[in-house]
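> Provided below are the primary sequence and the corresponding predicted coordinates.
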Amino acid sequence: MELSQSQLESVLGPLYIGPSNQYIGKCPFCHKSDHFYINRDSYLWDCKKCSEDGNIIVLLKLLGRLDLIKFKESVKRDFGDLFDDSFLKKEEELKIEEVPDYSMPIGYKRIYSDLYLKQRGFVENDFKCHEVGKTSIIPSLEKYLLFPIRQDGNIKGYVARLCVQSNALKRYDNPTAVPFGSLLYGIDEINEETDTVYIGEGIFDKFNIQKGLNFLELDNCVALCSFGKKLSDNQIYLLKLKNIKKIVLFYDPDAISSINKYIWRLNENMFETEICFNSTFKNEKGELKDPGELNIDEMAKCLQNKYSPFIFSRKFII
Ligand SMILES: [Zn+2]
């Protein structure tokens, strides 16, 4: 197989040839200049800054540019084992972890009104749709709102969010024993009509995305959160069990490389995929807003302006 410098540059931007027969350029994952090395013979690559590495097939797949490799057979001949190991692991089984049930803290009671949540845009209907409560029995949790995480009706953990002004207390005080990376908040809201889910990073992103979906009357769509900018096999498996067809990632503006990584993982698992991304709306500090900070008009615009993985790569990564 041969890839010309200009073909590589069409994906990675300008490259120069280093002293030990390597192309050197800007890393497509962490965007650090002059730290991305590709061996000109083996096409193995790595970044000296963020340590991402792999073979050329993995790279082109991550960047959505497998079209640069015209003939599969020649790829197989040239790459042998690498090809079998890392290319299109469609048949690979997802790793599943059964998450045990979890008990809410002693004294937990559901609430239907709260000043902090009202300030964050909760209206009466939100308290009906989204279960939230407090406990006054455990002193360390008194100042926290507790959001149970349910799966098939059973509680698997909870998110604890500080609801008063305090510099001494953590904003979130979530139980450490809960495997958040294996759970999806909001999954029980999926019903028979649901064919599309939107995934944000945190619960307030989820609430705000859901508000936008309701505003646009997208009744076939449900918003979830993945507790951070990662999607585990377990989380992907949960969505397969629910017969979801399409997944729209709506992560924070700083999550470009994560989005790129997981969108292709979802594609491998036969989901249709799109990306919502705020590259426009800024807060008072001049930073791009997370989905949870967008007002309803901004949210509607972001939801209506979706990117395919390919267009996203071209627009934000290269
Ligand atoms: Zn890098």
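Arrived safely.
> mind saving the C-alpha coords of stretch 22-38 as PDB?
Backbone C-alpha positions of stretch 22-38 (Å, rounded to 0.1, in the frame of the first residue of the first chain) are rendered in PDB as follows:
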ATOM      1  CA  GLN A  22       9.100  10.200   9.600                       C
ATOM      2  CA  TYR A  23       6.400  12.600   8.700                       C
ATOM      3  CA  ILE A  24       5.900  15.100  11.400                       C
ATOM      4  CA  GLY A  25       2.800  17.300  11.900                       C
ATOM      5  CA  LYS A  26       0.000  18.500  14.000                       C
ATOM      6  CA  CYS A  27      -1.700  15.800  16.200                       C
ATOM      7  CA  PRO A  28      -5.400  15.400  15.100                       C
ATOM      8  CA  PHE A  29      -6.300  14.300  18.600                       C
ATOM      9  CA  CYS A  30      -4.700  16.900  21.000                       C
ATOM     10  CA  HIS A  31      -3.900  19.400  18.200                       C
ATOM     11  CA  LYS A  32      -0.300  19.900  19.400                       C
ATOM     12  CA  SER A  33       1.900  21.000  16.500                       C
ATOM     13  CA  ASP A  34       5.100  19.100  15.500                       C
ATOM     14  CA  HIS A  35       4.300  16.200  17.900                       C
ATOM     15  CA  PHE A  36       2.600  13.700  15.600                       C
ATOM     16  CA  TYR A  37       5.000  11.200  14.000                       C
ATOM     17  CA  ILE A  38       4.200   8.800  11.100                       C
END
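> Now do it: distance to the chain's middle.
Computed by CA atoms, centre = their mean, to the nearest Å, the chain-centroid distance of stretch 22-38 equals 24 Å.
> Wondering if that stretch reaches the ion at all.
Yes: figure legend: stretch 22-38 in contact with the ion (CB under 5 Å from the ion); contacting residues 27, 29-30. Where you see a C-beta, it was placed from the backbone N, CA and C, and this is true even at glycine.
> Report the contact partners of the residue nearest the centre of the chain.
With distances taken as CA atoms, centre = their mean, the chain has residue 229 as the residue nearest its mean C-alpha position (4.4 Å). Contact partners of residue 229, counting by CB atoms under 8 Å, 6 or more residues apart in numbering, are 201, 251-252, 255, 258-259.
> Tell me how far residue 177 lies from residue 157.
In this structure, residue 177 and residue 157 are separated by 8 Å, where distance is defined by CB to CB, to the nearest Å.
> so what sits against both of those two?
Overlap of the contact sets of residue 177 and residue 157 (by CB under 8 Å, 6+ apart) consists of residue 102.
> returning to that earlier point: of the contacts of residue 229 - the most surrounded one?
Using other CB atoms under 10 Å as the neighbour criterion, residue 251 leads the contacts of residue 229 with 27 neighbours.
> Report pLDDT for the residue nearest to the centre of the chain.
Taken from the predicted model, the pLDDT recorded for residue 229 is 93.
> Equivalent analysis for residue 88, please.
44.
> do the one 4 residues further on as well
As summarised for this prediction, residue 92 has a pLDDT of 52.
> repeat for residue 284
Looking at residue 284, its pLDDT is 95.
> Name the nearest residue to residue 17, ignoring sequence neighbours.
If the residues on either side of it in the chain are set aside, residue 17 comes closest to residue 23, at 6.2 Å by CB to CB, 6 or more residues apart in numbering.
> Quick check: the one you found is in a strand.
Yes: looking at residue 23 with DSSP: H, G, I helix; E, B strand; the rest coil, it is inside a strand.
> I'd like to know which residues of the protein are adjacent to the ion.
Residues of the chain lying close to the ion (CB under 5 Å from the ion) are 27, 29-30, 47, 49-50.
> would you turn those into JSON lines with secondary structure, neighbour count and pLDDT?
Putting the residues of the chain next to the ion into JSON lines (DSSP: H, G, I helix; E, B strand; the rest coil; neighbours: other CB atoms under 10 Å; pLDDT from 0 to 100) gives the following:
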{"residue": "27", "secondary structure": "coil", "neighbour count": "22", "pLDDT": "91"}
{"residue": "29", "secondary structure": "coil", "neighbour count": "20", "pLDDT": "83"}
{"residue": "30", "secondary structure": "coil", "neighbour count": "15", "pLDDT": "83"}
{"residue": "47", "secondary structure": "strand", "neighbour count": "18", "pLDDT": "92"}
{"residue": "49", "secondary structure": "coil", "neighbour count": "15", "pLDDT": "89"}
{"residue": "50", "secondary structure": "coil", "neighbour count": "15", "pLDDT": "86"}
